[in-house]
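Undergrad: sequence and predicted structure below; questions after.
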Amino acid sequence: MTAIDPIVQHHERRNAIITRLLAQETILLVLTVIAVLVLASANERFLTARNLSREISLIFEVALIALPMTLIIITGGIDLSVGSIFGLSAIVLGFLWQDSGWPLEVAIAAALVCGIIGGAINGFFIVRVGVPPLITTLATLALYRGVALGISEARSARGFPDWFLGIGRGEFLGAPWQIWILLIGIVITWLLLSRTIFGRSLYAMGNNELAARFAGIPVNRNKWLIYVFSGFAAALAAVVFVSRVTTTRSDMGSGMELDAIAAVVLGGTSIFGGSGGIGGTLLGLILIQVLKNGLLLAGVRGDATSILIGIVLIAAILLNNFFQWLQVRLTANK
Amino acid sequence: MSDTPILELTGITKQFPGVKALSDVHFDVRPGEVHALLGENGAGKSTLIKVLSGVHKPDTGTILLDGKAVSFNNPREAQDAGIATIYQELSLYPELTVAENIFMGHAPRNRFGAVDWNAMMTRAEETLASLNIYDMDVRRKVGSLNVGNRQRVEIAKALSINARVLIMDEPTAALTESDVSRLFDIVRLLCERNVAIIYISHRLQEVFELADRVTVLRDGHFIDTQQVKDTTESALISRMVGRTIDNLFPKLESKVGEPVLQVRDLMREPFTRGVSFDLHAGEIVGLAGLVGSGRSELAQCLFGMLPAQSGEIRVFGKKVSIRNPAHAIKLGIAYVPEDRGTQGLVRAMSIRENTSMAILKLMSTGGFIKFGAEKKLAQKSIDMLNIRAYSPDQIVGKLSGGNQQKVVVSKWLASQPKILIVDEPTRGVDVGAKAEIHRLMSELAAKQGIAILMISSELPEILGMSDRVMVMREGRIIAEYPRAEVTQERIAGAMMAAKVDVN
């Protein structure tokens, strides 16, 4: 065999650099930095520790759900039921504590188990019955919400003890509890995805599930795990949310799945599976929240903010497509 | 056959950033001839076809059509000039009917400008009849046809636009024996009608059976054009690879040891119906059979992809029931699957990630991947198998077919198997890589005592590499020959005997 042509090698290296520079994460980072700078210069209250930590407790729920959502979308799946699991867990928590008189600690554990069961049911239909994730979780989206409504009968739980309310409103080492929980979640998911066999398997499954099976990867087990993880994260987010808003309602979390999916996809994770990562998802979350908050501080009305965010989402995707095209043009050699 | 070329290319050069894909290539094709185009993967065949069919514009050089200089800006212009291409991956719409596919883009219209469905059906039937195809329903959806029939639809489509030059890229790669002979009949029929055919194939015997002239490319350079009757198989091979390959099947004498895999009455309906055989350490057993005879399904049954319903499998004398691939890997079984694109590789991932995929447990501590060890493994594979890549982090999808196949093989060698099942190990692989893969298999058996079960549809490969040959038909092993007694005729006879033609 002849050696590899040094010119080719040089080109491959250059191409790798171009690919890196034009990756969606890079573009997103630049966009986020620009947004932060513009908003900070427009309003001195924006870039304050107080404002930022408040913002983080506001996006906590969506962020926590977006972490397992990233894993799921990387395998080429989707979980539309998380908003409903969120609502159901909140209702289960309030119902068991107030109506059934369970100790609050046990009710919290039950709410978390409820999320795990919700995810496991999704996993069962996806893995064992072979129903596509979109259909399965669209069905359980309706199902879980219905169960939540049935249990709550439009009543809400109130009057939680102070120690519980401290989770959602209190601080630890000078920062809201949400920041610490989220940080742990981010580190765990990031390590899982980028450093472990499990994470590697998810990418392989998203790119070519059949080849992953042929390589002995436990595809079915992995799918169960990510949907269970997703259900658990939704339930955990719900517990913290109930503590922050001090009440439970059966319509909590509706539409939350779409916020999470938007952040994941904006973050560069391919909706067809196989590529993406936690870093992108975080940037996606930050960009959306920075815009919401910044525009609010700038006195833009809520409906106008929604419109602007929609436009930014579309623009980000278009920009990404443009850079993808540019990348193909710059690196083309066949 | 006339001597004036219908299409003539002179001094074609095509440069891509960093790669000179074609340099000063000459090629011509005459009406009514089959002109074979040969070369290893990466030799420039695909680029030349793309220049001919209007996908790429050459940097320099001229294309003469009927003696007049032409320049195609896009594939449509080439098509309008009568040049049609049938690619390896057929470009049909599976949800549309045969007739709709044939007339895609130029459907007959009635006087109101709407599609004239009756005329379309009639003309589709006429076109097929002109190819001596009378057994195809033009109302059937293309997705329900087998590969051979789909290809016939593609040829009919080319004829419906009055193609005068037909380019066929590896047309027999996915065909069964009977479909191949039907294809050859159609090609000969087209030649009689003065269509010029450019035929690309890795199978040299097809070139000798079908072609009038043959052009060899190597590393983007034009080597020569010759009359097929003036050349030999080994002469063509040495021109393609630029050196002499003394032996395409470097079989080493090996000592056959203890039985490592014993299979009795293995059942997995509908494809595996009571299979019994032994596989010994150090031997290569060839498994021949027609497509659909159940060879790959047997392999997948042994590998746990399609777990057995009944029967007995013993690995090193111990009775096992193989439930899934991970279990098979643990038992020392590896399977190089038939289709590397869908089963063997994750093309979007790197060489490193692919070579370690089956042994991630060994490449990690506590679930965390050891990237250094992984990289070392990939580099070792690249060196050992001569994989042409600039780095272990190169994306597998960007390698040539032969090198991709080597990545699949290295993935399974990394699992250090005792029993290696290879399914069409050299399909779509150029002749140089083919010899290397054969040499490797031979060494694995002879020097490391690995037992190899080799499924292949290429009889020369079966004959050249096997210590023993088994023939499968309708889910059963129906014949077995030791190396000394096996002949092509015997295998073919056993394969075909009492064979019912199913679509």
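TA: Yep, it's here. Residues are numbered from 1 along each chain as shown, chains lettered A, B, ... in the order given.
Undergrad: which residues in the stretch 351-500 of chain B form strands?
TA: If DSSP state E, counting those that start in this stretch is used as the criterion, the strands of the stretch 351-500 of chain B fall at B:364-365, B:368-369, B:419-423, B:451-455, B:468-473, B:476-482.
Undergrad: what comes up buried for whichever helix or strand A:Ile116 is part of?
TA: Using DSSP states H and E, A:Ile116 falls within helix A:104-123. Buried residues in helix A:104-123, counting neighbours by 16 or more other CB atoms under 10 Å in any protein chain shown, are found at A:107-108, A:110-112, A:114-119, A:121-123. C-beta coordinates here come from the backbone N, C-alpha and C atoms, glycine included.
Undergrad: on that earlier part again, any chance of the strands of the stretch 351-500 of chain B in a markdown table, with mean neighbour count and mean pLDDT too?
TA: A markdown table is the format used below for the strands of the stretch 351-500 of chain B (neighbours: other CB atoms under 10 Å in any protein chain shown; pLDDT from 0 to 100):
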| stretch | mean neighbour count | mean pLDDT |
| --- | --- | --- |
| strand B:364-365 | 14 | 91 |
| strand B:368-369 | 18 | 94 |
| strand B:419-423 | 25 | 95 |
| strand B:451-455 | 26 | 95 |
| strand B:468-473 | 24 | 92 |
| strand B:476-482 | 16 | 91 |
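Undergrad: distance to chain A for these - can I get that in a markdown table?
TA: As requested, these are exported to a markdown table (distance: least, CB to the nearest CB, whole Å):
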| stretch | distance to chain A |
| --- | --- |
| strand B:364-365 | 5 |
| strand B:368-369 | 5 |
| strand B:419-423 | 11 |
| strand B:451-455 | 15 |
| strand B:468-473 | 21 |
| strand B:476-482 | 24 |
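Undergrad: to B:Thr355, which of those lies closest?
TA: When those are compared by CB to CB, strand B:368-369 sits nearest B:Thr355, at 12.8 Å.
Undergrad: the closest one packs against which elements?
TA: When contacts are defined as 3 or more CB pairs under 8 Å, 6 or more residues apart in numbering or on different chains; DSSP states H and E, strand B:368-369 sits against helix A:177-195, helix A:197-207.
Undergrad: pLDDT of the following helix or strand past the last one, averaged?
TA: Next helix or strand after helix A:197-207 toward the C-terminus (DSSP H and E): helix A:209-214. Per-residue confidence for helix A:209-214 averages out to 95 on the pLDDT scale.
Undergrad: with stretch B:197-207 instead?
TA: Mean pLDDT, computed over stretch B:197-207, is 87.
Undergrad: in that stretch, what's buried?
TA: By neighbour count on 16+ other CB under 10 Å, the buried set for stretch B:197-207 is B:197-202, B:204, B:206-207.
Undergrad: then stretch B:380-400?
TA: Neighbour counts using 16+ other CB under 10 Å place B:381-382, B:385, B:387-392, B:394, B:396, B:398-400 of stretch B:380-400 among the buried residues.
Undergrad: now do stretch B:177-185
TA: For stretch B:177-185, the neighbour count (16+ other CB under 10 Å) marks B:177, B:179-180, B:182-184 as buried.
Undergrad: rewinding a little: among the helices and strands packed on strand B:368-369, which comes closest to chain B?
TA: helix A:197-207 (4.4 Å; CB to the nearest CB).
Undergrad: contact partners of the closest one?
TA: For helix A:197-207, the surrounding residues in contact (CB atoms under 8 Å, 6 or more residues apart in numbering or on different chains) are A:71, A:74-76, A:192-193, A:211-212, A:215, A:217-219, A:222-223, A:225-226, A:270, A:272-275, B:346-349, B:353, B:357, B:360-361, B:364, B:367-369.
Undergrad: same check on stretch A:14-28?
TA: Identification of contacts with stretch A:14-28 by CB under 8 Å, 6+ apart yields A:266-268, A:277, A:279-280, A:283-284, A:287, A:316, A:319-320, A:323-324, A:326-327, A:330-331, A:333.
Undergrad: what about it, distance to the chain center?
TA: Relative to the centre of its chain, stretch A:14-28 is centred 23 Å away, using CA atoms, centre = their mean, to the nearest Å.
Undergrad: export it to PDB, keeping only CA atoms.
TA: Presented in PDB, the C-alpha positions along stretch A:14-28 are these (Å, rounded to 0.1, in the frame of the first residue of the first chain):
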ATOM      1  CA  ARG A  14      -7.800  21.700   7.700                       C
ATOM      2  CA  ASN A  15     -11.200  20.200   7.100                       C
ATOM      3  CA  ALA A  16     -11.400  19.000  10.700                       C
ATOM      4  CA  ILE A  17     -10.700  22.500  11.900                       C
ATOM      5  CA  ILE A  18     -13.300  24.000   9.600                       C
ATOM      6  CA  THR A  19     -15.800  21.400  10.700                       C
ATOM      7  CA  ARG A  20     -15.100  22.200  14.400                       C
ATOM      8  CA  LEU A  21     -15.400  26.000  13.800                       C
ATOM      9  CA  LEU A  22     -18.700  25.700  12.000                       C
ATOM     10  CA  ALA A  23     -20.200  23.300  14.500                       C
ATOM     11  CA  GLN A  24     -23.600  24.400  15.800                       C
ATOM     12  CA  GLU A  25     -22.200  24.600  19.400                       C
ATOM     13  CA  THR A  26     -19.600  27.200  18.300                       C
ATOM     14  CA  ILE A  27     -22.200  29.200  16.400                       C
ATOM     15  CA  LEU A  28     -24.600  29.000  19.300                       C
END
